[in-house]
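# One predicted model, sequence on top.
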Amino acid sequence: MKKIVILLAFMLLLLSLAGCYSYSSSYRAVGFIHSNEAESAFMNFYSFEGRMVFKMKSSGEGDINFTAKLESGSASVYYDHNHNGAKQELFSVSGGEEIDSHGGYIEAGTVYIIVETDGECKNGEFRFSLGK
């Protein structure tokens, strides 16, 4: 009987952990500087390849203000404002491009910004702030 109770408790624990989806950063970088505050974030780098995840808190409805530039390579930026694993593309940027815009729709709560590169990127800068 004791083994059954332990087994059921273990299965319940596994099921509860399976519902906790979280984004994680995984990258290789040189000359990489980044910051992540409650309603803003940025990253600058000489060389970057992989995924960087920023977690921010929105105090209300609004959009995401962003700037991005790359010397070479390409990257896509996604956001998830209700943390259900259904990230939406915010924008893409390629080498030689500079972007200064806003977009997406967010509500009060946690907002994830995910920067993913398609190979190695050089001399890049990304800045994000939550607008109202």
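Noted; the coordinates are in hand. Bear in mind that the values here come from a model prediction, so they are computed numbers and not experimental data. Residues are numbered from 1 along each chain as shown.
# Show me which residues of stretch 100-117 are buried.
Buried positions in stretch 100-117, judged by neighbour count with 16 or more other CB atoms under 10 Å: 104, 106, 111-117. Backbone N, C-alpha and C define where each C-beta goes, glycine included.
# could you pull out the strands for this structure?
For the chain, the strands defined by DSSP state E cover 26-30, 33-36, 40-58, 62-72, 74-80, 88-94, 98-106, 109-117, 121-130.
# Dump the buried residues of stretch 100-117 to TSV, plus distance to Met56.
Output for those, formatted as TSV (distance: CB to CB, whole Å):
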residue	distance to Met56
Gly104	12
Ile106	9
Val111	5
Tyr112	8
Ile113	7
Ile114	12
Val115	13
Glu116	17
Thr117	20
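# Farthest pair within those residues?
Maximum pairwise distance in the buried residues of stretch 100-117, criterion CB to CB, is 23.3 Å, between Ile106 and Thr117.
# Find the residue at the geometric middle of this protein.
For the chain, Ile114 is the residue whose C-alpha lies nearest the centre (CA atoms, centre = their mean; 2.3 Å).
# Hmm, that residue is touching Arg51, no?
Yes: if you go by CB atoms under 8 Å, Ile114 and Arg51 touch, sitting 6.4 Å apart.
# and Leu70, what does it touch?
Contact analysis of Leu70 by CB atoms under 8 Å, 6 or more residues apart in numbering lists 93-97, 121-124.
# That concludes my questions; thank you for your assistance.
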